[in-house]
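Enquirer: what would the 3D arrangement of this be:
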Amino acid sequence: MSFIDAFFSIPRVYKRIVSVCIDLLFVQVAFWGAFWTRLGDFDELYKAEYWYLLAFLSVVTIFCFSRIGFYRAILRYLSINALFTLITGALVSTVVFVLTTYFYNIWVPRSVSVIYFGYLFVLTGGARVSVRMLFVQRSMKRKPNVMIYGAGVAGRQLVNLLRQGDELNPIAYIDDNKRLQNTVIQGLNVYHPSKLARVVNKGDVKQILLAIPSASRSQRRAIVESLVNLPVEVLSIPNLDSIVHDNVSLDQLRDVAIEDLLGREPVKPRDDLMSANITDQVVMVTGAGGSIGSELCRQIVKCKPKSLLLFELSEYCLYSIEKELAEYALKRGLDVEIVPLLGSVQRINRLETIMKTFSVDTIYHAAAYKHVPMVEYNVVEGVRNNVFGTYYTAQAAVNAGVSSFVLISTDKAVRPTNVMGTTKRMAELGLQALASEEAKKEVGTRFCMVRFGNVLGSSGSVIPLFKRQIKEGGPITITHPDIIRYFMTIPEAAQLVIQAGAMGKGGDVFVLDMGEPVKIVDLAENLVKLSGLELKTEDNPFGDIELKYTGLRPGEKLFEELLIGDNVGETDHRRIMTANERFLFLDEYQHILDLLDKACHDFKHEDIRQILLDAPTDFKPTDGIGDVVWKRNQQNS
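Expert: Now for the predicted structure:
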């Protein structure tokens with residue numbers, strides 16, 4: 001360990017003692033130096049009165065320095081405010097110097113006190129600034145170099161934060177603002193984005209931190225794409241509110257949000273549609289603890305319903321979302337009754353009792369099994385939950401006089417190749433059948449369905465899986481090199497579901513504009529590169545992360561569709577379309593349900609599959625029956 005390391009590691013009390021001793025020395029030097037500067041040879045040096053004056057001045061100066069917090073400041077965090085404290089300390093010492101010489105009639109030229117002030121400030125301040133610079137230089141050698149993309153308020157705040165810590169060393173800014181380029185901010189050069197690669201290589205940069213919280217998503221996508229091929233990890237800071245309110249910390253630095261890679265700009269929700277079926281009404285969400293259900297609840301609470309009923313099968317998920325929403329409402333002073341309700345959508349009596357008891361106005365039905373392989377392995381439960389559960393919930397809504405019922409559907413319901421998609425299409429057919437009956441009434445339940453693709457960050461999303469596999473060193477598993485998917489953020493999907501539900505007239509099938517489909521392999525490659533790692537390929541055998549293709553899973557398609565036919569119409573919202581598709585009448589649908597119910601009860605999987613094939617769902621399975629219990633029985637027989 002070097003002398004400097006040893007000094008920085010000694011207890012703080014000893015550091016203060018050293019500081020006091022050094023400051024005493026500085027008082028001596030400043031005192032005699034002022035006389036020498038003014039008078040040259042000082043013949044009065046031997047007089048006792050000057051030594052008494054110096055002794056008194058030294059004690060008073062150290063006392064004043066202590067009182068104003070000189071020795072409480074931590075040198076490594078010395079700021080501009082500390083300089084004002086240094087000036088105050090030197091000024092107080094000088095005033096004591098002048099007053100003492102005046103009252104005790106000690107001859108001192110007037111300019112000596114001014115020179116004394118200058119020497120004392122320079123010595124005490126210079127020593128502390130030198131120690132701070134020494135610490136900064138020492139710590140810089142130990143910290144990995146990073147660059148800040150964005151030299152605005154957020155970037156400057158981030159640099160201040162990094163300089164106070166021991167984790168990262170900022171060496172430069174990157175900004176496309178021409179007024180800032182080729183300038184120096186906080187001691188760091190500001191470069192044009194075109195010079196990124198050169199600065200990264202020259203400065204041995206390990207990370208680039210995005211400090212552009214106010215940039216649009218399309219702007220962020222363009223920036224991220226320009227960084228993908230650089231050998232650095234790319235991290236992002238929180239939103240602008242966190243910066244403005246000084247709440248940002250290094251713990252909040254996170255991976256680049258995957259939506260920044262998609263570049264899809266969210267559309268501001270329309271307040272009239274958001275509040276139409278919610279504000280001052282009793283709203284019920286089934287599957288309230290799931291990915292979509294919980295986000296629906298968050299959006300609904302903001303619209304100030306009279307009551308929000310959280311219906312959920314999982315006790316833990318119900319507890320989590322109820323606690324979160326209760327804290328949110330309390331913090332913002334919202335007068336919303338939040339009611340946690342355990343139950344299954346397969347219990348029609350429970351559902352109907354709840355709806356009548358609380359006089360429910362609107363239902364968002366998000367309860368479903370959505371993971372394709374899981375439903376393939378558990379066919380009966382998939383059918384029971386997705387088909388019968390939806391029909392029972394809808395029938396209970398009719399019996400309880402609920403005004404509006406919105407089903408959260410999926411793009412996998414369109415020309416399905418798996419049981420999950422087929423059950424969701426069957427659920428749509430059930431609601432369309434009920435809607436045709438309700439249309440005959442003067443006042444009935446308005447049914448509508450909202451169909452969309454994958455949402456980022458949901459329980460079945462590939463993104464969390466890819467990030468975990470990268471963290472573990474790979475490989476990243478992808479089913480097929482050509483597989484593509486539509487993606488949307490959960491908050492945007494929830495907002496569009498609520499707005500679409502408000503536009504429903506009865507039996508509507510709404511389709512959300514998902515933007516451009518994304519190739520999954522491109523998504524995985526960008527995640528690897530943005531983590532500062534290299535892909536391991538035949539051309540680069542020493543790379544970090546390998547892509548491994550596992551083959552399509554049972555019932556999985558290379559691409560998903562949102563429409564069955566070409567009968568698509570526009571709505572008042574540019575992200576919401578409506579589809580006109582064939583449907584069954586209620587008696588026809590109930591006949592299919594009767595057949596399904598008996599086949600599920602007897603666990604006759606061949607019959608279940610045939611019924612689903614015969615129903616107008618366009619079911620075209622790509623694999624055989626995958627139910628694990630049925631397959632084991634087949635092996636044992």
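Enquirer: the stretch 201-350 of the chain: helices as residue ranges?
Expert: 217-227, 240-244, 258-262, 271-276, 291-302, 315-331, 348-358 (DSSP state H, counting those that start in this stretch).
Enquirer: buried stuff in the last one?
Expert: In this case it means helix 348-358. 348, 350-352, 354-355, 358 (16 or more other Cβ atoms under 10 Å). Using the backbone N, CA and C atoms, a C-beta is placed for each residue, glycine as well.
Enquirer: and which of those is nearest to residue 608?
Expert: Set against residue 608, the nearest of the buried residues of helix 348-358 by Cβ to Cβ is residue 348 (21.0 Å).
Enquirer: relative to residue 161, which of the helices of the stretch 201-350 of the chain is closest?
Expert: helix 240-244 (10.0 Å).
Enquirer: before we move on, the earlier item: do you know which of the helices of the stretch 201-350 of the chain lies nearest residue 387?
Expert: helix 348-358 (13.4 Å).
Enquirer: helix or strand right after the closest one?
Expert: The helix or strand immediately downstream of helix 348-358 is strand 362-365, counting by DSSP states H and E.
Enquirer: any idea how far the helix or strand following that following strand is from the middle of the chain?
Expert: As assigned by DSSP H and E, the chain's next helix or strand after strand 362-365 is helix 372-377. The chain centre lies 30 Å from the centre of helix 372-377; the measure is Cα atoms, centre = their mean, to the nearest Å.
Enquirer: strands along the stretch 51-200 of the chain, start to end?
Expert: Remark: strands assigned in the stretch 51-200 of the chain by DSSP state E, counting those that start in this stretch are 145-149, 169-174, 184-185, 188-191.
Enquirer: of the helices of the stretch 201-350 of the chain, which is nearest residue 167?
Expert: The closest of the helices of the stretch 201-350 of the chain to residue 167 is helix 240-244. By Cβ to Cβ, the value is 18.2 Å.
Enquirer: which strand or helix spans residue 437?
Expert: Following DSSP H and E, one finds residue 437 within helix 419-438.
Enquirer: who are the packing partners of the helix or strand that comes right after that helix?
Expert: Of the helices and strands lying after helix 419-438 in sequence (DSSP H and E), the nearest is strand 446-451. Using 3 or more Cβ pairs under 8 Å, 6 or more residues apart in numbering; DSSP states H and E as the contact test, the elements touching strand 446-451 are strand 404-408, helix 419-438, helix 490-503, strand 508-512.
Enquirer: now the helix or strand following strand 446-451: how far from the chain's centre is it?
Expert: Next helix or strand after strand 446-451 toward the C-terminus (DSSP H and E): strand 454-456. Offset of strand 454-456 from its chain centre (Cα atoms, centre = their mean): 14 Å.
Enquirer: re the thing from before, any chance of the helices of the stretch 201-350 of the chain in JSON lines, plus distance to residue 94?
Expert: Below are these laid out as JSON lines (distance: least, Cβ to Cβ, whole Å):
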{"stretch": "helix 217-227", "distance to residue 94": "53"}
{"stretch": "helix 240-244", "distance to residue 94": "41"}
{"stretch": "helix 258-262", "distance to residue 94": "57"}
{"stretch": "helix 271-276", "distance to residue 94": "64"}
{"stretch": "helix 291-302", "distance to residue 94": "61"}
{"stretch": "helix 315-331", "distance to residue 94": "52"}
{"stretch": "helix 348-358", "distance to residue 94": "77"}
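Enquirer: right, and those helices - which one's nearest residue 507?
Expert: With Cβ to Cβ as the criterion, residue 507 lies closest to helix 271-276 of the helices of the stretch 201-350 of the chain, at 18.3 Å.
Enquirer: report the rounded mean pLDDT for the closest one.
Expert: Mean pLDDT, helix 271-276: 89.
Enquirer: for residue 386, see how far away residue 312 is.
Expert: Applying Cβ to Cβ, to the nearest Å, the value for residue 312 to residue 386 is 16 Å.
Enquirer: typo on my end, residue 120
Expert: Distance check for residue 120 against residue 386: by Cβ to Cβ, it reads 81 Å.
Enquirer: swap in residue 56?
Expert: Residue 56 is 90 Å from residue 386, by Cβ to Cβ.
Enquirer: so which of those two has more stuff around it?
Expert: residue 386 (26 against 14; other Cβ atoms under 10 Å).
Enquirer: could you chop the chain up by domain?
Expert: Following the assignment in automatic domain parsing, the chain carries domains at 3-140, 143-256, 271-614.
Enquirer: most tightly packed of those?
Expert: Mean neighbour count (mean count of other Cβ atoms under 10 Å) peaks for domain 271-614 among the domains of the chain, with a mean of 19.
Enquirer: now do the same end-to-end measure for it.
Expert: Distance between the two ends of domain 271-614: 43 Å, counting by Cα to Cα, to the nearest Å.
Enquirer: can I get the domains of the chain in TSV with distance to residue 630?
Expert: TSV is the format used below for the domains of the chain (distance: least, Cβ to Cβ, whole Å):
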stretch	distance to residue 630
domain 3-140	64
domain 143-256	41
domain 271-614	5
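Enquirer: leaving out chain neighbours, which residue sits closest to residue 417?
Expert: residue 622 (4.7 Å; Cβ to Cβ, 6 or more residues apart in numbering).
Enquirer: residue 415 is in contact with the one you found, correct?
Expert: No. Between residue 622 and residue 415 there is no contact, the gap being 11.4 Å when judged by Cβ atoms under 8 Å.
Enquirer: ok, residue 152 to residue 220 distance?
Expert: Between residue 152 and residue 220 the computed distance is 14 Å (Cβ to Cβ).
Enquirer: meant to ask about residue 533, not that
Expert: Taking Cβ to Cβ as the measure, residue 533 falls 21 Å from residue 220.
Enquirer: please apply the same query to residue 178.
Expert: Taken as Cβ to Cβ, the span from residue 178 to residue 220 is 20 Å.
Enquirer: and if you look at residue 173?
Expert: Where residue 220 is concerned, residue 173 sits at a distance of 17 Å (Cβ to Cβ).
Enquirer: that's a helix at residue 635, yeah?
Expert: Yes. Checked against DSSP: H, G, I helix; E, B strand; the rest coil, residue 635 lies within a helix.
Enquirer: how many neighbouring residues does it have?
Expert: Residue 635, neighbours per other Cβ under 10 Å, totals 7.
Enquirer: ok, now which ones touch it?
Expert: For residue 635, no contacting residues are found, by Cβ atoms under 8 Å, 6 or more residues apart in numbering.
Enquirer: ok so, going back, weakest of the helices of the stretch 201-350 of the chain in terms of mean pLDDT?
Expert: Of all those, helix 240-244 has the smallest average pLDDT, which comes to a mean of 48.
Enquirer: that older thread, the helix holding residue 437 to strand 508-512, inter-axis angle?
Expert: Relative orientation of helix 419-438 versus strand 508-512 (axes from the mean of the first three to the mean of the last three Cα atoms, to 10 degrees): 140 degrees.
Enquirer: mind exporting the C-alpha coordinates of helix 419-438 to PDB?
Expert: Extracted C-alpha coordinates of helix 419-438, given in PDB (Å, rounded to 0.1, in the frame of the first residue of the first chain):
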ATOM      1  CA  VAL A 419     -54.900 -24.900 -28.700                       C
ATOM      2  CA  MET A 420     -54.400 -21.600 -26.900                       C
ATOM      3  CA  GLY A 421     -55.200 -19.500 -30.000                       C
ATOM      4  CA  THR A 422     -58.200 -21.700 -30.800                       C
ATOM      5  CA  THR A 423     -59.600 -21.300 -27.300                       C
ATOM      6  CA  LYS A 424     -59.300 -17.500 -27.600                       C
ATOM      7  CA  ARG A 425     -61.100 -17.600 -30.900                       C
ATOM      8  CA  MET A 426     -63.800 -19.700 -29.300                       C
ATOM      9  CA  ALA A 427     -64.000 -17.100 -26.500                       C
ATOM     10  CA  GLU A 428     -64.500 -14.400 -29.200                       C
ATOM     11  CA  LEU A 429     -67.200 -16.500 -30.900                       C
ATOM     12  CA  GLY A 430     -69.000 -16.800 -27.500                       C
ATOM     13  CA  LEU A 431     -69.100 -13.100 -26.900                       C
ATOM     14  CA  GLN A 432     -70.300 -12.500 -30.500                       C
ATOM     15  CA  ALA A 433     -73.100 -15.000 -30.000                       C
ATOM     16  CA  LEU A 434     -74.100 -13.300 -26.700                       C
ATOM     17  CA  ALA A 435     -73.900  -9.900 -28.400                       C
ATOM     18  CA  SER A 436     -76.300 -10.900 -31.100                       C
ATOM     19  CA  GLU A 437     -78.800 -11.800 -28.400                       C
ATOM     20  CA  GLU A 438     -78.200  -8.700 -26.400                       C
END
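Enquirer: if anything else comes up later, I'll come back, but that's it for now.
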